[in-house]
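Visitor: This is a predicted model, with the sequence first.
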Amino acid sequence: MKIFSIKDNGKFEEFSQTPFQNEHEEKILENWIEANSDDILEDGKLLIIGRQVTTNLGSFIDLLGIDREGNTVTIELKRDRTPRETLAQALEYASFVSDLDVDNLEEILQNYMSDESLSIAEYHKNYFELAEDEAVSFNKEQRVVIIGQRITSEIRQTSSFLRKKGIKVTCLEFSFFQTQDGKNLLSYDIVVGRELTQLKQITSSSLPTVDKESFVNSLDENGRYVFFEILKLGEVNNLPIHWGTKGFSMNVDKDGVHVAVCYGYPPNSVFKQSIYTALVGRGGFLRKLDVNESDIKDLWDGAEKTGLFKSAGRDLKIIIDRKFTDNEIEIIKCWLIKVIETIKQHDLK
């Protein structure tokens, strides 16, 4: 197949098909899949939760994801292996993933996103924009995706057979093109699963983290107004700030152990522009402090009484989708100060 771009003068410029491995490492392809994960399944979006995930046999899953229904999806890049080896490796990964429980999957997601506060249920619900009453059973089924420049007839035939037996296998074949001026183009077909052709322009196990400047720049005017005061509160009280792939956690240092006070997220995150508490979820009170339930309940009740916090699964959240008044921001800061003081009053587990 030939692919052309149309120049300003109306003439065609051919993209020359280039063997991907000649000039690119497999990491480049992993990056592409990571950034375009919603386009590789035949039946919907895909949430990536891990990269280079170590199995019990010491091998590494290229990418691990979850679909809308909560099924796990192992993504295998076809290297210079025989068709039999490729399929055996993919099925080995799926068998390993089948034994992972929700806590295992949540830990993988937290490592991947560099955010120990994340609840996989809440993150999944936000990512797929599920209704509040829409229940999901995680890892009930396992799916396999095989990606390569050439999906052999042996792989296609066996994958189609596995699909008939109820094992969802998707095979994606791609071609890489390049013009003389270095412009890149990627074309791919889902050759097992559903016929689909699209054109696409073209870490370690975690994504790059943001810093204060890039975080603030990602906020809208309403968010900057609130987070300026929150971050200023952290600086005045010498609270450690941990920057994640999208947002941050503000912490109290307890003898070298950082206990989360709250989490902040920008508009382009799964959680929208928001502040999340850390009273019950990982990274906060219950996991790290020897604290009574009554203390947590007092803080929880106090937050709800402000009228600014809403339920967010195991914790509470404030969605910043409007301009907050100075008085409302002061109420948030006062509640956070109570959290800080409570953390300081309790011992580590």
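Guide: Okay, I see it. Quick caveat: nothing in here was measured; it's all calculated off a predicted structure. Residues are numbered from 1 along each chain as shown.
Visitor: going forward, measure contacts between C-alpha atoms and count neighbours the same way
Guide: OK.
Visitor: so where does residue 116 fall, helix or strand?
Guide: Assessed by DSSP states H and E, residue 116 sits outside every helix and strand.
Visitor: ok, the closest residue in space to it that isn't next to it in sequence to residue 87 distance?
Guide: Excluding its sequence neighbours, the residue lying closest to residue 116 (C-alpha to C-alpha, 6 or more residues apart in numbering) is residue 110, at 5.0 Å. Going from residue 110 to residue 87 by C-alpha to C-alpha, to the nearest Å gives 29 Å.
Visitor: One more: residue 50?
Guide: With C-alpha to C-alpha as the criterion, residue 50 and residue 87 are 21 Å apart.
Visitor: Show me which of these two is the more surrounded one.
Guide: residue 50 (28 against 20; other C-alpha atoms under 10 Å).
Visitor: Show me what that one is bridged to.
Guide: Beta-bridge partners for residue 50, by DSSP bridges, are residue 64.
Visitor: isn't it right up against residue 109?
Guide: Yes - using C-alpha atoms under 8 Å, residue 50 makes contact with residue 109 at a distance of 6.0 Å.
Visitor: hmm, who's touching the longest helix seen in the chain?
Guide: In the chain, taking DSSP state H as the definition, the longest helix is helix 326-345. Here helix 326-345 makes contact (C-alpha atoms under 8 Å, 6 or more residues apart in numbering) with 226, 229-230, 233, 252, 254, 259, 261-262, 285, 289, 295, 299, 302-303, 306.
Visitor: Out of those, which one has the lowest pLDDT?
Guide: Lowest pLDDT of these: residue 285, 78.
Visitor: Show the contacting residues for that one.
Guide: Applying C-alpha under 8 Å, 6+ apart, the residues contacting residue 285 are 259-260, 278-279, 291, 296, 343.
Visitor: want to throw those residues into a markdown table with secondary structure?
Guide: Output for those, formatted as a markdown table (DSSP: H, G, I helix; E, B strand; the rest coil):
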| residue | secondary structure |
| --- | --- |
| 259 | strand |
| 260 | strand |
| 278 | coil |
| 279 | coil |
| 291 | coil |
| 296 | helix |
| 343 | helix |
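Visitor: which strands and helices sit next to the strand ranked longest in the chain?
Guide: Assignment by DSSP state E gives strand 168-178 as the longest strand of the chain. Applying 3 or more C-alpha pairs under 8 Å, 6 or more residues apart in numbering; DSSP states H and E, one finds that strand 168-178 makes contact with strand 12-17, strand 142-148, helix 153-164, strand 184-192.
Visitor: how about 6 Å then?
Guide: strand 12-17, strand 142-148, strand 184-192 (3 or more C-alpha pairs under 6 Å, 6 or more residues apart in numbering; DSSP states H and E).
Visitor: what angle separates it from helix 153-164?
Guide: 140 degrees (axes from the mean of the first three to the mean of the last three C-alpha atoms, to 10 degrees).
Visitor: strand partners of strand 168-178, parallel vs antiparallel please.
Guide: strand 12-17 (antiparallel), strand 142-148 (parallel), strand 184-192 (antiparallel).
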